[in-house]
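[1] build me a model:
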Amino acid sequence: MTDAIVFLGIQGSGKGTQAKLLAENTGFIHINIGDLLREQISLATDIGKRIANTIRGGNLVPDDLVFELIKSTLPRDCPGVIFDGFPRTMPQAEHLVNHYR
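    Residues are numbered from 1 along each chain as shown. Just a heads-up that it's a prediction; the model follows:
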C-alpha cells in the first residue's frame, strides 16, 4: 500500500506550493488532479474528450475516471503520493482510505 498525503483547502491557499516543496523533500509523487484533468483535455485523448464534455456540462468528472487517471500516473514502485485537489467526493475519500495509507 502506498503512503499518501492530502492537501485540501480553498483556491489560492498554497496547497500546490506546499505539495511541491514536500514532494521535493520526500521523493513522493505530487499529483494535482486539476492539472491532470487539464493535461488530458489538452492532449485531446478519448478520456480528455469525456472530461471536457463533463466539465462543459457543469458536472464533476466521474470518480472512476479520476481513479483511472491516478492509477495510470503512479509508477508501481512509487514511494508515496501527495494529492492536491483529491478527494473531492465521498467515494473518492473512500477510495483513498482503501488504496493508500
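
[2] may I have the host helix or strand of residue 91 exported as PDB, CA atoms only?
    Residue 91 is located in helix 90-99, with elements delineated by DSSP states H and E. Taking Å, rounded to 0.1, in the frame of the first residue of the first chain, the C-alpha atoms of helix 90-99 are listed here in PDB:
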ATOM      1  CA  MET A  90     -17.200  10.800  -0.600                       C
ATOM      2  CA  PRO A  91     -16.400   7.900  -3.000                       C
ATOM      3  CA  GLN A  92     -13.000   9.400  -3.700                       C
ATOM      4  CA  ALA A  93     -12.400   9.700   0.100                       C
ATOM      5  CA  GLU A  94     -13.300   6.000   0.500                       C
ATOM      6  CA  HIS A  95     -11.000   5.100  -2.400                       C
ATOM      7  CA  LEU A  96      -8.200   7.000  -0.700                       C
ATOM      8  CA  VAL A  97      -8.700   5.200   2.600                       C
ATOM      9  CA  ASN A  98      -8.900   1.800   0.800                       C
ATOM     10  CA  HIS A  99      -5.900   2.100  -1.500                       C
END
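
[3] so how far is residue 99 from the spatially most central residue of the chain?
    For the chain, residue 33 is the residue whose C-alpha lies nearest the centre (Cα atoms, centre = their mean; 3.2 Å). Residue 33 is 15 Å from residue 99, where distance means Cβ to Cβ, to the nearest Å. (C-beta placed from N, C-alpha, C; glycine too.)

[4] repeat for residue 81
    On the measure of Cβ to Cβ, residue 81 and residue 99 end up 10 Å apart.

[5] poorly predicted segments of this protein, please.
    Judged against pLDDT under 70, the chain has no low-scoring part.

[6] which phi and psi does residue 89 have?
    Main-chain torsions, residue 89, degrees, to the nearest 10: phi -130, psi 160.
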